[in-house]
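J.: Fold the following.
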Amino acid sequence: MPRSFEAPPDPPVPSEPTPEYTPEERSALLQLAHDAILATLENRALQTFQPSPHLSELRGAFTTVYSNDKLRGCVGYPTAVMPLYRTIVETARGAAFDDPRFVPVSLEEERHLQISISILSPMAPIQAEGIVIGRHGLIISQAGCRGLLLPQVAVEHGWDRVTFLEQTCHKAGLPTNAWKEGATIEAFTAEVFSDPGL
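T.: Presented below is the predicted three-dimensional model:
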């Protein structure tokens, strides 16, 4: 009688990590990003923001600005260089006005803007086979060149692991196979949240 074999179980699906930031903290940071952009457009000082100790921690973050569901800018600090709430102010302004791919946001556009914030974990070296699409963002560097892509970019474009690596090399201005040719690969995770409807 032939022996029957059970198929090995599927690997467990990674569970979503518990959010570090409460709904109230997320809302406050999104509002702060909008306020920073509007204050700049109106050429006035930003209203005083009273951060909690948690929002005053040093963290890297990216702010992405959309207008009518179209990308209008994305700027960030991959490493922690200032308190989080200040990072959000600076990256929101940078995304709205200083992303060289786009013309600066106008006052007429401001009411249509939607914002997404990505708060980054510290960077850590990773092997290519350890990269999990949707969980890890990447930094690839070599010979003074450096490229970064956020975790959600691979998901939005439907990339597999190799394509994600190749596109991060491309972002760095490196050959797309540099990740196999001695380039340094680092990964990070990001807690991502956005305005409603984005």
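J.: how about the strands of this structure, start to end?
T.: 61-67, 70-77, 113-120, 124-125, 137-142, 145-149, 184-188, 190-194 (DSSP state E).
J.: Nearest to Val103 among those strands would be which one?
T.: strand 70-77 (8.9 Å; CB to CB). Any C-beta I mention is one placed from the backbone N, CA and C, and that applies to glycine too.
J.: For the closest one, what does the pLDDT average out to?
T.: Mean per-residue pLDDT for strand 70-77: 95.
J.: Flag every buried residue along that strand.
T.: 72-77 (16 or more other CB atoms under 10 Å).
J.: now do stretch 114-125
T.: In stretch 114-125, counting by 16+ other CB under 10 Å, buried: 114-121, 123.
J.: Output that stretch in CSV with nothing but the alpha carbons.
T.: Output of stretch 114-125 as CSV, limited to C-alpha atoms (Å, rounded to 0.1, in the frame of the first residue of the first chain):
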residue,chain,number,x,y,z
GLN,A,114,-3.4,64.8,1.1
ILE,A,115,-0.5,63.6,3.2
SER,A,116,1.1,60.3,4.1
ILE,A,117,3.7,60.0,6.8
SER,A,118,6.2,57.1,7.2
ILE,A,119,8.1,56.9,10.5
LEU,A,120,11.2,54.8,10.1
SER,A,121,12.9,52.3,12.4
PRO,A,122,16.7,52.4,12.7
MET,A,123,18.6,51.0,9.7
ALA,A,124,20.2,47.5,9.9
PRO,A,125,22.2,45.4,7.5
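J.: pLDDT on that stretch, on average?
T.: 96.
J.: That one: how far from the chain's middle?
T.: 4 Å (CA atoms, centre = their mean, to the nearest Å).
J.: domain assignment for the protein?
T.: Per the record, the chain has its domains at 23-120, 124-189, by automatic domain parsing.
J.: Which of these sits closest to Gly197?
T.: So among these, domain 23-120 is nearest, using CB to CB, at 7.0 Å.
J.: Can you tell me how far Ala154 is from Pro53?
T.: As judged by CB to CB, to the nearest Å, Ala154 and Pro53 stand 33 Å apart.
J.: ok so, going back, and the strands of the chain: which comes nearest Ala36?
T.: Across these, closest to Ala36 is strand 61-67 (CB to CB), at 9.0 Å.
J.: partners of that closest one, with directions?
T.: Partners of strand 61-67 in the sheet, by DSSP bridges, are strand 70-77 (antiparallel), strand 113-120 (antiparallel).
J.: ok so, going back, out of the domains of the chain, which comes closest to Leu198?
T.: In terms of CB to CB, the element of those nearest to Leu198 is domain 23-120, at 4.6 Å.
J.: quick one: terminal-to-terminal distance for that closest one?
T.: Criterion CA to CA, to the nearest Å; first-to-last residue distance in domain 23-120 is 17 Å.
J.: Give me the distance from that domain to the chain's centre.
T.: Between the centre of domain 23-120 and the centre of its chain there are 12 Å (CA atoms, centre = their mean).
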